[in-house]
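**Student:** Sequence and predicted model, in that order:
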Amino acid sequence: MPAGIMSKKEWNEEQQEIQEKAPSPVETKLIEQLIVNVYPNPAKDKLFVEYIIPNGKTEGLIEMYDVHGRAVKTINLHNSLGKEEINISDWQNGIYHYKVICVNCNTQSGKVVIIK
């Protein structure tokens, strides 16, 4: 064969080698755990809660409690990911507990300090 021209066999072998070296297609992997980010901490007027609910679920709940365990805020979640802004300008200084809950998955909880 003239130089620079491949036989069909050589071309097939080269294509197979390229396919073997090529990265595999990207697979969509569902998040397996609830992800929550609450900020700023300490907070003054507004508090933000970012969340990702795992496994394609879309229902959840944010619960906020004062230091005595009294519920001060409840927010229903209807998306698998989002960002909630909570107006805390009329809340008193102190430590507040939050809990982010989703159906059939883990719960994330923590504390946030409010200082005015």
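**Tutor:** Okay, I see it.
**Student:** The longest strand seen in the chain - which strands sit beside it in the sheet, and in what orientation?
**Tutor:** When the chain is parsed with DSSP state E, its longest strand is strand 94-102. Using DSSP bridges, the strands paired with strand 94-102 in its sheet are strand 60-65 (antiparallel), strand 108-114 (antiparallel).
**Student:** need the contact list for residue 91.
**Tutor:** 72, 114 (Cβ atoms under 8 Å, 6 or more residues apart in numbering). All C-beta atoms are positioned from the backbone trio N, CA, C, and that covers glycine.
**Student:** Model confidence for it, exactly?
**Tutor:** pLDDT for residue 91: 95.
**Student:** Repeat that for residue 31.
**Tutor:** pLDDT at residue 31 comes out at 67.
**Student:** repeat for residue 40
**Tutor:** 97.
**Student:** if I look at it, how far off is residue 84?
**Tutor:** As judged by Cβ to Cβ, to the nearest Å, residue 40 and residue 84 stand 14 Å apart.
**Student:** and the two? which has more neighbours close in?
**Tutor:** residue 84 (15 against 12; other Cβ atoms under 10 Å).
**Student:** what helices or strands is the helix or strand in which the more buried one is found leaning on?
**Tutor:** Element membership for residue 84, per DSSP states H and E: strand 81-87. Under the contact criterion of 3 or more Cβ pairs under 8 Å, 6 or more residues apart in numbering; DSSP states H and E, strand 81-87 touches strand 46-52, strand 71-77.
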